[in-house]
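Asks: structure, please.
(chains A and B)
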Amino acid sequence: MCLSIPSEVIAVDAERQSVTVDTLGVRRDVSSHLISDPLAIGDYVLIHIGFVMNKIDRDDALNSLELYREIVEKMGGNPLN
Amino acid sequence: MLELKQLYQGFRDPTTILSLARDIARLADKLPAPLNVMEVCGGHTHTIMKYGLLELLPSNIEFIHGPGCPVCIMPKERIDQAAALASIDNVILVTLGDMIRVPGSHGSLASFRAKGCDIRPIYDPLDTLKIAKDNPKKTIVFFAIGFETSTPMTAVLLQQAERQGIKNLLFHINHVLVPPAIDAVMQDSQTRVNAFIGPAHVSVISGAKIYRSTVEKYATPVVVSGFEPVDVMESILRLVRQRIEGKAELEIQYTRAVSEAGNLAAQALVNQYFQTRMQFRWRGLGEISNSALALKDEFAHRDAERIFADRLPVKQIDDHKACQCGDILRGLAKPKDCKVFGRGCAPETPLGSCMVSSEGACNAYYRYQGIQKETVARS
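Replies: Modelled structure (predicted):
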């Protein structure tokens, strides 16, 4: 029950305190009661049992991916060799 | 521009996983002693088994599967209480996912449902509001489970019930806390744990700060880690580096959503409705002081445990003698050490709770044990 899922916000209903998210093609409405900062379309969020828990920091995710690219490069591209 | 697909694929990329594994293997030769990493949370156990990470690590690094699966740590007497509540006339018991299949001493909630009790599994706590509105003449009991991650969701449900004047919704609270469980593990004289990866989603809510005392009290490094395989491997690499440098620090690997302070709005909601429970018995770990939550006195009118106190069994029930869930949850045994693993105990017929949830250590071993994993030669 504890897996939290990254999803993209595709619609915001501020009045009902809910957002519609897309999780790799699956769309559903989830609660935004636990988020004090406003959510916008295009934000990436973590979902846990029907609630947005937090936003995902886009810059940080990109930095991590860049770091991993460097690690792979350092290892010669194919670590099995 | 980051796309959602990248968020998944980038953090599951096999080449990256293997590169990190090689980095870890290269550095592990310099470790002064074996690194025994407890992954506190069942979500991490699931990732470790699903992606074959066990096989990618050198022999002086070992995963010890911790007590952080809310379904696994639920003692039988609490399930018996849920079954007793569901057996009361005009009660609808609502709970999350896997909880319905965990064996109590008189059967699982699923077996009580088969006998005619109205028990409804849900995936979103707020669905309970609709059930309560649709059944005004019945009493709805939300059997609340989970660690720091799930507690704020129960708080929102209670808040909405109060605001919307929904009077027929009660709560049976089984919310538990990670830090006291870690203390119980570390204070066990038999423990071999000397490093932790902390579950990211717990710290999304509670902040990385909840592990400060672990790091200081036990001079043990903690890395708060995401759930993708690359996240877990990077966290292991960070722990190895700390050990080689003789450090014991708190690090956040999952900085894309976790901060030191956590989600303050969620913490405020939890503090508004809950207080620390003096004692709670954990399956496998036994009684741990101040390790769980209860509703505050001002919400006694919502507390099924108080309202139905005379109907709830309180006898403590130990596990089946052959079941080693307790030792597995304390990191003293592996699923394959258990005599009933895969024999009397399987996901369809679980004897112990570690086999019930997909995040339980036994379930994860059972599900993925046949997968062929690639191995990485030390460089």
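
Asks: residue B:156 is in contact with residue A:33, correct?
Replies: Yes: taking C-beta atoms under 8 Å as the definition, residue A:33 is a contact partner of residue B:156 at 4.6 Å. (Each C-beta comes from the backbone N, C-alpha and C, glycine too.)

Asks: any common contacting residues for these two?
Replies: Counting by C-beta atoms under 8 Å, 6 or more residues apart in numbering or on different chains, the common neighbours of residue A:33 and residue B:156 are residue A:51.

Asks: what's the one helix or strand residue B:84 maps to in contact with?
Replies: Residue B:84 belongs to helix B:76-86 when assigned by DSSP states H and E. Contact with helix B:76-86 is made by B:91, B:93, B:95, B:99, B:102-109, B:112-113, B:117-119, B:141, B:143, B:172, B:174, B:281, B:283, B:304-305, B:308, B:311-319, as judged by C-beta under 8 Å, 6+ apart.

Asks: so which residues on the stretch 251-379 of chain B come close to chain A?
Replies: Contact residues, the stretch 251-379 of chain B versus chain A (C-beta under 8 Å from any C-beta of the partner chain): B:255-257, B:263-266, B:269, B:357, B:359, B:374, B:376.

Asks: dump the residue contacts of residue B:155.
Replies: B:266, B:269-270, B:272-274.

Asks: that one should be in a strand, yeah?
Replies: No: counting by DSSP: H, G, I helix; E, B strand; the rest coil, residue B:155 is located in no strand; its state is helix.

Asks: once you drop chain neighbours, what's closest to the residue in chain A positioned nearest to chain B?
Replies: With C-beta to the nearest C-beta as the measure, residue A:50 is the residue of chain A nearest to chain B, at 2.8 Å. Closest residue to residue A:50 apart from its sequence neighbours, by C-beta to C-beta, 6 or more residues apart in numbering or on different chains: residue B:124 at 2.8 Å.

Asks: the one you found in helix, strand or coil?
Replies: Residue B:124 is classified as coil under three-state DSSP.

Asks: same check, this time on residue B:205
Replies: Going by three-state DSSP: residue B:205 is helix.

Asks: verify the stated contact: it with residue B:267.
Replies: Yes: in terms of C-beta under 8 Å, residue B:205 counts as a neighbour of residue B:267; the distance is 7.1 Å.

Asks: where along chain A do the strands fall?
Replies: Applying DSSP state E to chain A gives strands spanning A:5-13, A:18-23, A:26-31, A:44-48, A:51-55.

Asks: ok, which of these comes nearest residue B:231?
Replies: Evaluated with C-beta to C-beta, the strands of chain A place strand A:5-13 nearest to residue B:231, the distance being 11.7 Å.

Asks: ok, back up a step: what is the burial count for the residue of chain A closest to chain B?
Replies: Residue A:50 is flanked by 19 other residues according to other C-beta atoms under 10 Å in any protein chain shown.

Asks: thought it was touching residue B:128?
Replies: No: applying C-beta under 8 Å as the test, residue A:50 and residue B:128 come out as separate, 10.5 Å apart.

Asks: circling back to that earlier point, show me the contacts for the residue of chain A closest to chain B.
Replies: Contacts of residue A:50 were listed using C-beta under 8 Å, 6+ apart, and they are A:30-31, B:123-127, B:153.

Asks: roughly how far apart are residue B:109 and residue B:334?
Replies: Distance, residue B:109 to residue B:334, using C-beta to C-beta, to the nearest Å: 28 Å.

Asks: all strands for chain B, in order.
Replies: B:35-41, B:61-68, B:91-96, B:118-122, B:139-146, B:169-175, B:195-199, B:222-225, B:250-252, B:274-282, B:286-295.

Asks: quick one: contacts for the closest residue to chain A within the stretch 101-250 of chain B?
Replies: Residue nearest to chain A within the stretch 101-250 of chain B: residue B:124 (2.8 Å; C-beta to the nearest C-beta). By C-beta under 8 Å, 6+ apart, the residues touching residue B:124 are A:30-31, A:49-51.

Asks: give me phi/psi at it?
Replies: Per-residue torsions, residue B:124: phi -140, psi 120 (degrees, to the nearest 10).

Asks: out of the contacts of residue B:155, who's the most crowded?
Replies: Top of the contacts of residue B:155 by neighbour number is residue B:266, holding 26 neighbours under the definition other C-beta under 10 Å.

Asks: is that residue in contact with residue B:202, as I believe?
Replies: No: counting by C-beta under 8 Å, residue B:266 does not reach residue B:202; the two are 11.4 Å apart.

Asks: okay, the residue nearest to residue B:197 when sequence neighbours are not counted: pLDDT?
Replies: Excluding the flanking residues, the one nearest residue B:197 by C-beta to C-beta, 6+ apart is residue B:225, at 4.3 Å. With respect to pLDDT, residue B:225 scores 97.

Asks: so residue B:112 is in contact with residue B:119, correct?
Replies: Yes: using C-beta under 8 Å, residue B:112 makes contact with residue B:119 at a distance of 6.2 Å.

Asks: so these two - more neighbours on which side?
Replies: residue B:119 (27 against 22).

Asks: in contact with that one, which residues?
Replies: Neighbours of residue B:119 in contact, by C-beta under 8 Å, 6+ apart: B:86, B:92-95, B:100, B:109-110, B:112-113.

Asks: cool, and residue B:201?
Replies: Neighbours of residue B:201 in contact, by C-beta under 8 Å, 6+ apart: A:2, A:4, A:46, A:48, A:53, B:41, B:43, B:149, B:227.

Asks: need the worst-confidence member of those.
Replies: When the contacts of residue B:201 are sorted by pLDDT, the bottom entry is residue A:2 at 65.

Asks: list of residues touching the helix or strand of chain A with the lowest mean pLDDT?
Replies: None of the helices or strands of chain A scores lower by mean pLDDT, DSSP states H and E than helix A:58-74, at a mean of 91. Residues outside helix A:58-74 that contact it (C-beta under 8 Å, 6+ apart): A:44, A:79, B:2, B:6-7, B:10-11, B:13, B:15-16, B:19-20, B:23, B:230, B:234, B:255-256.

Asks: that helix: which residues count as buried?
Replies: Across helix A:58-74, burial judged by 16 or more other C-beta atoms under 10 Å in any protein chain shown covers A:61-62, A:64-65, A:68, A:71-72.

Asks: can you check what angle separates it from strand A:5-13?
Replies: 150 degrees (axes from the mean of the first three to the mean of the last three C-alpha atoms, to 10 degrees).

Asks: got the angle between helix A:58-74 and strand A:44-48?
Replies: 100 degrees.

Asks: now helix A:58-74, how far from the centre of its chain.
Replies: Mean-position distance between helix A:58-74 and its chain equals 17 Å (C-alpha atoms, centre = their mean, to the nearest Å).
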